[in-house]
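Participant: requesting a structural model of the entry that follows:
(one chain, ligands or ions: 2)
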Amino acid sequence: MDEPVLLTGAGGRVGQAILRGIGDDYDWRLLDREPLPAAKVPNGVTDADRYVADITDERAVREAVADVGAVIHLAGDPRKTAPWDSVLRNNIDGTQVVMRAAADAGVEKFAFASSNHAVGGYETDERTPDLYRPEDEYRLDGSELPRPGNLYGVSKAAGESLGRFYHDEFGMSVVCVRIGNLTKDHPPREYERGQAMWLSHRDCAHLFDRCLRATYGYEVVYGISNNDRRYYSIERACEALGYDPADNSANYTFEGEPKPDRDTETNGGRYAADGFDADRAGDAPPAEPNFPADPDAPGDDT
Ligand SMILES: NC(=O)C1=CN([C@@H]2O[C@H](COP(=O)(O)OP(=O)(O)OC[C@H]3O[C@@H](n4cnc5c(N)ncnc54)[C@H](O)[C@@H]3O)[C@@H](O)[C@H]2O)C=CC1
Ligand SMILES: O=C1O[C@H](COP(=O)(O)O)[C@@H](O)[C@H](O)[C@H]1O
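Facilitator: Residues are numbered from 1 along each chain as shown. Ligands and ions are numbered 1, 2, ... in the order given. The predicted structure is shown next:
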C-alpha cells in the first residue's frame with residue numbers, strides 16, 4: 001500500500017501488537033485520544049502523523065483520514081462490562097464518525113476491530129464448557145448472525161452493521177475482525193475460554209497486515225491463533241485474507257508455560273530501534289486507564 005494507513009487506538013494493546021509487528025512496513029498516521037509516548041511510536045512517524053483526538057470529533061477525524069489508503073479502526077471502549085453511555089459514544093458513534101469520514105475520503109480498505117463478544121450468546125449453558133475443549137467440533141464461522149452477550153457486544157455488532165452499510169452504499173472494502181483474546185508471550189493462564197480464542201501478538205500483527213494487503217468486499221472473520229481448542233473457525237480469514245497463523249495455545253501448558261519441544265518462540269524485538277521500544281510496546285495499558293478497570297479483565301497478561 002503506497003498511501004498512509006490510519007491506525008486509531010494506536011496506543012492500546014492491539015494497536016501496539018500491530019505496530020510492534022508491522023510498524024516499519026507502512027507509512028502510519030496514528031490517532032489516539034491519549035498522547036503516545038515515543039516508546040509507542042515506530043521510527044519514521046513524524047509529529048504531523050500523530051493525532052491526539054477523540055474519534056467522535058468529526059473534524060479531527062476527517063483531517064486524519066484525508067489521503068489515507070486504509071484504516072485500521074481499534075479505538076473504543078474494550079470492556080465487556082462497559083455501560084451503554086460509553087459504548088454508545090465511543091464504540092457506536094465513534095465508529096460511525098470514522099467510517100463515514102473514511103468513505104467520504106475514498107479510503108479503499110477498512111479493518112474494524114470487532115469482538116468475540118458480538119457472538120458471546122452462542123456460548124450457551126448446554127454448549128459450555130465442552131465448547132472450549134479440543135475435542136468439541138462446534139464452530140462459528142462468521143456467517144452466523146451476531147448474538148451479543150452484553151452491551152459491549154451489541155456495540156461491536158453495530159460496528160459490523162455500519163461496515164456492511166459503508167461497503168454496500170459506498171463501495172469501501174470492509175473487514176470486521178472478531179478478535180478473541182490478545183495476550184502477549186503466552187495464552188491466558190488457566191482460562192479455557194481464553195485459550196480457545198487466544199490471539200498471539202505476532203498473529204495479530206500478521207492478520208491486520210493481511211487486512212491491508214488482501215482484496216475483499218465485505219468480510220467478517222475471527223481473529224484467533226491456530227489453537228487446537230477453538231470454537232471459531234479461521235477458515236474464512238485464511239481463504240479471504242491469506243491469514244496463516246503461527247501460534248497455537250496447545251503449545252503451552254494450561255498455566256501458560258511453553259511446552260518443551262514446541263515452537264513457542266515469539267518474534268519480539270524486530271523493531272527495537274531508536275525510540276520505539278519493542279519491549280515496552282506490548283505492555284498492558286498505562287497505569288491510568290482511559291476507562292475504569294474491568295473487574296473481570298485478565299491480570300497482567302495483555
Ligand atoms: N484486547 C483484546 O483482546 C480485544 C480487543 N478488541 C477490540 O480491539 C480494540 C482495541 O482494544 P485494546 O487495544 O485491547 O484496548 P485498549 O483500551 O488497550 O486500547 C484502546 C485505545 O483506544 C483509545 N481510545 C479509546 N476511546 C477512544 C476515543 N473515543 N477516541 C480516541 N481514542 C480512543 C484509548 O486511548 C486506547 O489507547 C477495541 O475496539 C476492542 O473492543 C476486541 C476483542 C478482543
Ligand atoms: O472483546 C474483548 O474480549 C477479550 C476477551 O474476552 P474475555 O471475556 O475472555 O475477557 C477481552 O480480554 C478484551 O478486553 C475485550 O475487549
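
Participant: what residues are up against the residue of the chain found nearest ligand 1?
Facilitator: Nearest residue of the chain to ligand 1, counting by Cβ to the nearest ligand atom: Gly12, 1.8 Å away. To be clear about C-beta, it is placed using only N, CA and C from the backbone, and glycine gets the same treatment. Applying Cβ atoms under 8 Å, 6 or more residues apart in numbering to Gly12 gives the contacts 32, 74-75, 78, 285.

Participant: ok, which stretches of the stretch 151-300 of the chain are helices?
Facilitator: Taking DSSP state H, counting those that start in this stretch as the test, the helices found in the stretch 151-300 of the chain are 151-170, 192-196, 201-213, 235-236, 278-281.

Participant: just give me how far the second one sits from the chain centre.
Facilitator: So the one you mean is helix 192-196. Here helix 192-196 is found 17 Å from its chain centre; the criterion is Cα atoms, centre = their mean, to the nearest Å.

Participant: likewise the longest one?
Facilitator: The chain centre lies 15 Å from the centre of helix 151-170; the measure is Cα atoms, centre = their mean.

Participant: and stretch 4-16, does that touch ligand 2?
Facilitator: No: figure legend: stretch 4-16 not in contact with ligand 2 (Cβ under 6 Å from any ligand atom); closest approach 8.0 Å.

Participant: kindly reformat the helices of the stretch 151-300 of the chain as a markdown table containing distance to ligand 2, mean pLDDT and mean neighbour count.
Facilitator: Supplementary listing: the helices of the stretch 151-300 of the chain in a markdown table, determined by distance: least, Cβ to the nearest ligand atom, whole Å; pLDDT from 0 to 100; neighbours: other Cβ atoms under 10 Å:
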| stretch | distance to ligand 2 | mean pLDDT | mean neighbour count |
| --- | --- | --- | --- |
| helix 151-170 | 7 | 98 | 20 |
| helix 192-196 | 5 | 98 | 22 |
| helix 201-213 | 12 | 98 | 24 |
| helix 235-236 | 19 | 98 | 16 |
| helix 278-281 | 18 | 40 | 18 |
